[in-house]
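In: Sequence and computational prediction follow.
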Amino acid sequence: MNLKIDHKSPVPLHIQAENLLRELIKQPEYIEGKMLPNEIELAKRLAISRSTLRLAINKLVYEELLIRKKGIGTKVASSKFSSKSKNWLSFSQEMKNRGIEVKNFELHVSWVVPDKAITKFFAVDEDQKLLKLERLRGKKDDPFVYFISYFHPRIGLTGDEDFKRPLYEILEADYHVVADLSQEEIDAIAANKFIADKLEINIGDPILSRKRFVFDQSGKPIEYNLGFYRAESFTYTVESRRDY
């Protein structure tokens with residue numbers, strides 16, 4: 001693509017740069033994740049100052065069309081993952097419905113004695129070890145959510161399951177446990193070092209924290225799930241109907 005600024009035009013340089021960037025990021029290679037040229041190179045190609053170029057880039061970052069990653073560069077923002085409060089699905093099912101292939105970047109299984117809040121939720125002894133499943137997930141080269149799940153021991157999970165399969169498919173097909181009800185708590189928090197490293201963001205960056213309590217068809221708790229999402233990758237939609 002030919003990037004050219006008209007220095008004789010009455011249109012301000014940063015507006016011209018912004019318009020060129022809007023066209024540039026429509027190119028397939030950038031939509032697919034290729035990093036934009038660095039600021040020095042791009043400013044040189046456009047024959048403008050870096051400060052002028054930054055005005056254009058900042059505008060597109062503000063509009064959530066571009067994202068910056070410290071020490072990596074600038075790229076086109078992925079379409080946000082959206083979740084509804086009604087008729088909830090597993091993460092894998094939601095992504096599949098959007099035609100997006102889920103990638104597991106990390107998968108860890110362990111047996112731990114969890115926090116008291118978790119043992120209280122499951123109504124088990126405080127020294128009871130529970131299966132803990134941790135997964136860094138996303139699409140292609142874009143990890144955007146870190147999940148931590150704990151499971152009630154009565155399910156019978158061993159830790160040897162193939163957790164690359166959809167979780168609720170495993171529970172239903174292998175253990176005849178049907179996830180029926182989800183209660184959720186949503187918070188906006190600052191990323192700590194652990195989550196920041198996983199999601200490739202800065203410590204203190206805003207993230208969405210989702211706590212999910214999952215019950216089976218008889219109302220018994222089966223999963224305590226924590227999800228930490230990169231803020232620019234997630235939209236939570238609430239649907240309400242007015243009663244008359």
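Out: Yep, it's here. Numbers count the residues shown, from 1 in each chain.

In: what's near enough to touch the residue positioned nearest the centre of the chain?
Out: In the chain, the centroid-proximal residue (CA atoms, centre = their mean) is residue 144; its distance is 3.1 Å. Residue 144 makes contact with 78, 81, 137, 138, 199, 229, 230, 233, 234, according to CB atoms under 8 Å, 6 or more residues apart in numbering. Yep, even glycine has a C-beta here, placed from its N, CA and C like the rest.

In: any chance of the residues you listed in CSV, plus secondary structure?
Out: CSV is the format used below for those (DSSP: H, G, I helix; E, B strand; the rest coil):
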residue, secondary structure
78, coil
81, strand
137, strand
138, strand
199, helix
229, strand
230, strand
233, helix
234, strand
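
In: What about the residues you listed, which one has the most neighbours?
Out: When those are compared by neighbour count (other CB atoms under 10 Å), residue 230 ends up highest, at 26 neighbours.

In: Contacts only, for that residue.
Out: The contact partners of residue 230, by CB under 8 Å, 6+ apart, come to 144, 145, 199, 201, 207.

In: Got phi/psi on the first one?
Out: By that I understand residue 144. Main-chain torsions, residue 144, degrees, to the nearest 10: phi -130, psi 0.

In: related to what we said a few turns ago, pull the most distant pair out of the contacts of residue 230.
Out: 145 and 201 (12.0 Å; CB to CB).

In: For the protein, which segments count as helices?
Out: Assigned by DSSP state H, the chain shows helices spanning 13-24, 28-31, 39-46, 50-62, 91-97, 116-122, 167-175, 193-199.

In: Among those helices, which one carries the weakest average confidence?
Out: With a mean of 66, helix 91-97 has the lowest mean pLDDT of the helices of the chain.

In: And residue 155, how far from residue 164?
Out: Between residue 155 and residue 164 the distance, using CB to CB, to the nearest Å, works out to 18 Å.

In: Please say which of those two ends up with more neighbours.
Out: residue 155 (18 against 11).

In: can you pull the contacts of that one?
Out: By CB under 8 Å, 6+ apart, the contact list for residue 155 reads 171, 175, 177, 222.

In: Apart from its chain neighbours, what residue comes closest to the first one?
Out: So the one you mean is residue 171. residue 177 (4.4 Å; CB to CB, 6 or more residues apart in numbering).

In: Number of residues surrounding residue 171?
Out: Taking other CB under 10 Å as the neighbour definition, residue 171 ends up with a count of 23.

In: whoops, residue 216 was the one
Out: Residue 216: 20 surrounding residues under other CB under 10 Å.
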